[in-house]
Structure formats: structure tokens, C-alpha cells
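> sharing a sequence plus its predicted fold:
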Amino acid sequence: NKDFVEEIIEEYKKDRKNLKIIQLLRKTITEYKKLLTLLEKFKKEVENEFSISEEFAEKILKDIILDERCVLIAQNPQFELAFIKKHLGIEKPIRGTDILDHLLGYSEHSLNELEKRYLMPLEEKKVLIGYTNKELSKKQALLSIKDFAFYNAEDAAKTLAIYFEECNIGKTLTTEVSNSYKKIKLKDAIKSGNEFITSIVVPFAVNAHLTGIKIDFEKCKDFAEKTCSIIEKFMEKVKEIIGSNIDNVRDDTFRKKLYELYEYEPIITPKDGKPSISESALKTIYQKTNNENLKKLVLYVYSIYKYEGLLSRYVEKYPFYINPVTKRIHPWFNIVKTVSGRLSCKDPNIQQVPREPFVSCPDCFIVPIVSEKVCPLCKSEKPFSPIIDFREVFIPENDHLLVMADYSQIEMAILAELS
């Protein structure tokens with residue numbers, strides 16, 4: 001929102017010492033200014049250097065893509081399909097160098113890696129406009145749009161050459177197998193694997209990304225307020241026990257105070273040689289010490305760690321991924337990033353969402369360090385129960401349901417079938 005960002009800039013100019021504005025919005029302001037400069041520059045260059053309208057460029061692109069004689073090949077077909085589907089309304093299979101590379105047994109599929117693997121040694125690589133990728137990113141504000149056009153044309157030529165080379169290697173693999181039955185099977189496996197990923201998996205991943213997932217922002221906000229309130233109360237208890245007005249239970253001041261109460265030798269961190277205050281160290285201290293005050297302190301600090309982890313990894317993080325237009329998050333599913341072939345995910349990684357709810361004492365909200373039937377702090381005999389289930393923030397559209405489904409031992413079933 002241009003007006004909103006300009007308003008922020010004005011506020012920033014009025015009060016440059018406002019730390020909150022600086023911390024939260026400096027990056028936004030910087031990126032906005034940079035983007036605005038580049039857009040104005042490129043818009044001017046498109047008009048001056050190419051003299052074509054956006055509509056005309058779109059028509060040319062559509063005509064080429066929709067031509068039946070045209071086979072689309074890309075280094076990252078997932079990204080390209082998402083682009084043409086969203087901006088051009090076209091859905092057409094795109095063959096990918098990363099897919100074939102994955103089927104040939106590799107896990108790193110950047111253009112540089114593919115070029116090293118299939119084309120020429122790195123030292124012989126020449127960039128058409130005289131810049132490496134790193135230099136290009138630094139000098140992009142100085143380069144013209146024609147420079148980028150040449151650079152992208154060179155990448156396209158490399159991608160095509162890599163694809164042909166991958167196809168040749170796939171054929172070579174089959175010729176090296178002496179058993180005729182196995183030769184046919186290997187050829188079929190590479191071909192069917194490529195077709196399956198291209199025609200089924202890539203469109204699925206793109207559709208999942210573009211559709212997105214609806215998030216209950218108010219639920220996130222409620223969870224955040226509840227979690228912050230508990231952390232604040234526990235911090236006050238920590239200050240009371242150690243007799244010091246500390247603000248952080250992860251710094252050296254707290255480390256020193258903790259081990260002053262511990263009657264055994266400090267648990268040393270191998271990396272830096274300092275006494276450890278990790279969760280595992282706290283657990284060991286809790287189980288070994290006879291000091292009741294120290295036990296209480298460890299319970300509070302361990303619980304703070306757990307609540308802070310929930311807050312930073314999920315509750316506070318996910319709202320920042322909500323698209324302001326769609327009001328949904330749009331995670332990106334990687335299809336060739338794992339050796340096993342499983343999907344991975346980023347921005348955000350919804351595969352890491354906790355399956356089980358966050359459990360604590362229903363009366364004092366302490367998180368159990370070890371399995372106990374009675375709360376070690378308030379002695380409540382009520383069972384430890386869910387306080388926050390982060391999966392609740394994912395909500396279906398009206399008249400829809402969210403379904404959680406999973407295959408049972410799918411890898412074993414496939415192995416049994418193959419054997």
C-alpha cells in the first residue's frame with residue numbers, strides 16, 4: 001500500500017529515535033524505496049528500449065506458450081507454471097532440468113550446479129554480459145533491462161543444453177545395463193517418473209501454493225497474548241527466586257545465578273566451554289538437585305523456553321506470511337529438494353506445525369520437564385492438558401471442512417509391491 005508506506009516514511013522522518021518504528025519498519029521502507037526506483041527505471045527503459053506495451057508482450061508470450069509445437073522446458077518448472085497460471089491464465093506441462101536431475105540421483109539443482117554437472121568446468125564459464133550472479137545482484141540498479149534480457153537469454157540457452165545432456169545420460173544409463181528386462185524397467189522408470197512429476201506433482205504443488213490456506217488471525221493474536229502473559233508472570237517468579245532484576249533467561253547473568261544454586265559441578269557446553277543453560281541441561285539439573293528453590297527456578301525457566309519457542313516459531317511468525325490481498329498464507333512446496341522424494345515446504349514450513357497440542361498444568365501453566373501425574377509446582381492432581389493447539393489457526397472456507405489424512409506405511413507398501 002503506497003500511501004501507508006509513505007505515511008510510515010513521514011513518521012520515521014519526524015521521529016528517527018523511535019526504536020519501535022526503526023526496528024519494525026526500516027526494512028520495509030528500504031525495500032519500498034529500492035523497488036520504486038527500479039520500477040520507475042525499468043518502466044522508462046521498457047518504453048525507450050523496446051517500445052512495446054505490456055499487453056503486446058503478454059499476447060506474444062501467450063501465442064508462443066499455447067502453440068502446440070511448443071514444448072516448455074525450465075530450470076524450475078514449478079515457479080514458471082505458477083507464473084503463467086497466475087499472470088497469463090495458462091496451465092501447460094513444463095519439463096524441468098531439476099526433475100530429471102533429481103531422477104538421476106542428485107539433490108542440488110541450482111543452475112550453477114547443473115551447469116557444472118552437465119556442461120563445462122566452472123572456470124570455463126563465461127557470463128554473456130560479464131557479470132557473475134553475485135555481481136549481478138549488486139549491480140542490478142546500474143544495469144539496463146537489455147542487460148537482463150541478454151543474461152536471461154543465456155540462462156535459457158544453458159537450460160536447454162542441460163536438458164538435452166540429461167536426456168542423453170538417461171539413455172546411456174539404460175545401455176550400460178546388460179539384462180534386457182532390467183534395461184526396459186530402468187528406461188520406463190525414468191520416463192514414467194519424469195512424466196508423473198511433470199504432469200501430476202508439479203501442478204499439484206503449484207495449485208496448493210496459489211490456493212493457499214486460510215489463517216485465523218484473531219486466534220493467532222489470542223494465542224500470542226495468552227503466551228506472552230504466561231511468560232511475563234514466570235519471569236517475575238524467576239526474579240523473585242534469584243533476587244535479581246534480569247530480563248533474559250538466556251544470558252550470562254542468569255547462567256551465573258543458576259549455577260550458584262546448583263550443588264554439583266556445572267554442566268559445560270563443549271562448543272564454548274561455558275556452563276550450559278540448554279533444555280537438556282535444565283532437565284539434568286532438575287533431576288539431580290535437592291534444592292527446592294532451584295527446582296522451582298528450573299521449572300519456570302524450562303516453561304519459559306517452551307512458551308518462547310511456541311511464540312517465535314509459530315504464533316508470532318505465521319501472521320507475517322498472510323497475504324494482504326487473499327488473507328491466506330501461500331507456502332511453497334519443494335518437489336525435488338529431498339533425496340527421498342518427499343515434499344518439503346517453506347515460507348512458512350507448515351510441515352513443521354506441531355501435531356500434538358501444547359500441554360501444561362491447567363492451574364499454574366507449568367510445562368512438565370519429566371512425566372509426572374501431579375504438577376511439581378502447584379501440586380494439582382488435574383491431568384496436564386492442552387493449553388494451545390496451533391492447528392486451530394488453520395480454518396476452512398465456508399461450507400468446507402479440513403481433512404487430515406495419511407497413508408499407513410506407504411513406503412513399505414511400495415517396497416513390497418516393487419519386490
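Received, thanks.
> any stretches of the stretch 251-400 of the chain with poor pLDDT?
Counting by pLDDT under 70, the stretch 251-400 of the chain contains no low-confidence range.
> do the stretch 101-250 of the chain as well
Within the stretch 101-250 of the chain, the stretches with pLDDT under 70 are 120-146, 174-178.
> if we use 50, what do you get?
122-130 (pLDDT under 50).
> from E154, how far out is D147?
11 Å (CB to CB, to the nearest Å). All C-beta spots, glycine's among them, are computed from the backbone N, C-alpha and C.
> these two - which one has more neighbours?
D147 (18 against 14; other CB atoms under 10 Å).
> quick one: what helix or strand has that one in it?
In this assignment (DSSP states H and E), D147 forms part of helix 145-175.
> could you pull out the buried residues of that helix?
Neighbour-count burial for helix 145-175, counted by 16 or more other CB atoms under 10 Å, picks out D147, Y151, D155, K158, T159, A161, I162, Y163, E165, E166, G170, T174.
> could you do stretch 347-357 as well?
P348.
> straight-line length of that stretch, end to end?
22 Å (CA to CA, to the nearest Å).
> can you check stretch 400-417 too?
Note: stretch 400-417 ends 35 Å apart using CA to CA.
> stretch 243-256 now?
So stretch 243-256: terminal residues 13 Å apart, CA to CA.
> the residue found closest to K306 once you drop the neighbours it is linked to in the chain: neighbour count?
Spatial nearest neighbour of K306, chain neighbours left out: V367 (4.6 Å); criterion: CB to CB, 6 or more residues apart in numbering. V367 has 21 neighbouring residues, counting by other CB under 10 Å.
> check contacts around V367.
Contacts here follow CB atoms under 8 Å, 6 or more residues apart in numbering; on that basis V367 touches Y302, S303, K306, Y307, V359, S360.
> got the contact list for the helix or strand encompassing the first one?
Secondary structure from DSSP H and E places Y302 in helix 292-310. Residues lying outside helix 292-310 but in contact with it, judged by CB under 8 Å, 6+ apart, are 227, 230-231, 234-235, 237-238, 241-242, 249, 254, 258, 261-262, 277, 279, 282-283, 285-286, 289, 358, 360, 365-367, 369, 376-377, 388, 390.
> buried sites along it?
Buried residues in helix 292-310 (16+ other CB under 10 Å): 294-308, 310.
> ok, K288 to P376 distance?
Counting by CB to CB - K288 and P376 are separated by 15 Å.
> more crowded one of those two?
Taking other CB under 10 Å, K288 and P376 do not tie; P376 has more neighbours (18 against 13).
> which residue comes closest to that one once chain neighbours are left out?
P376's closest residue in space is L299 (CB to CB, 6+ apart), at 6.2 Å.
> ok, now how distant is that neighbour from P386?
In terms of CB to CB, L299 sits 19 Å off from P386.
> kindly report the same for K62.
Taking CB to CB, one finds K62 at 51 Å from P386.
> repeat for Q75
Distance, Q75 to P386, by CB to CB: 45 Å.
> OK, contacts around the closest residue in space to T198 that isn't next to it in sequence?
Nearest residue to T198 in three dimensions, chain neighbours excluded: P93, at 5.3 Å (CB to CB, 6+ apart). Shown in contact with P93 (CB under 8 Å, 6+ apart): L72, T198, S199, V202, P203.
> among the residues you listed, which lie within strands?
Of the contacts of P93, the ones assigned to strands by DSSP state E are L72.
> in a markdown table: the contacts of P93, plus distance to K346 and neighbour count.
Formatted as a markdown table, these follow (distance: CB to CB, whole Å; neighbours: other CB atoms under 10 Å):
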| residue | distance to K346 | neighbour count |
| --- | --- | --- |
| L72 | 24 | 17 |
| T198 | 22 | 19 |
| S199 | 24 | 11 |
| V202 | 16 | 25 |
| P203 | 19 | 19 |
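> now the contacts of P93 in TSV, with distance to K271?
Output for the contacts of P93, formatted as TSV (distance: CB to CB, whole Å):
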residue	distance to K271
L72	49
T198	45
S199	48
V202	42
P203	45
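> helices - which of the contacts of P93 land there?
Judged by DSSP state H, the contacts of P93 include V202, P203 as members of helices.
> could you say which helix or strand holds K191?
Using DSSP H and E, K191 sits in helix 180-196.
> what are the buried residues along that helix?
In helix 180-196, counting by 16+ other CB under 10 Å, buried: L186, K187, I190, G193, N194.
> against S229, how distant is S385?
Taking CB to CB, one finds S385 at 18 Å from S229.
> and D251, how many neighbours?
11.
> one more: F358?
For F358, using other CB under 10 Å, the count is 19.
> surely R95 is within a strand?
Yes. R95 sits within a strand when classified using DSSP: H, G, I helix; E, B strand; the rest coil.
> spatially central residue for the chain, please.
K346 (2.3 Å; CA atoms, centre = their mean).
> residues in contact with that residue?
P331, W332, N334.
> in helices, which of those fall?
Short answer: the contacts of K346 have none in helices (DSSP H).
> rewinding a little: and Q75 and P386? Which one has more around it.
Q75 (21 against 12).
> so what's the more buried one up against?
Q75 touches G96, T97, D98, H109, L111, L114, D155, T159, I162, counting by CB under 8 Å, 6+ apart.
> so I197 touches D101, yeah?
No. With contact defined as CB atoms under 8 Å, I197 does not reach D101; the gap is 11.5 Å.
> what's the overlap in contacts for these two?
The contact sets of I197 and D101 overlap at V336 (CB under 8 Å, 6+ apart).
> any idea how far K288 lies from M412?
Taking CB to CB, one finds K288 at 42 Å from M412.
> swap that for I369, sorry
Applying CB to CB to I369 and M412 gives a distance of 35 Å.
> and the two? Which one has more around it.
Set I369 next to M412 and count neighbours by other CB under 10 Å: I369 wins out with 19 against 9.
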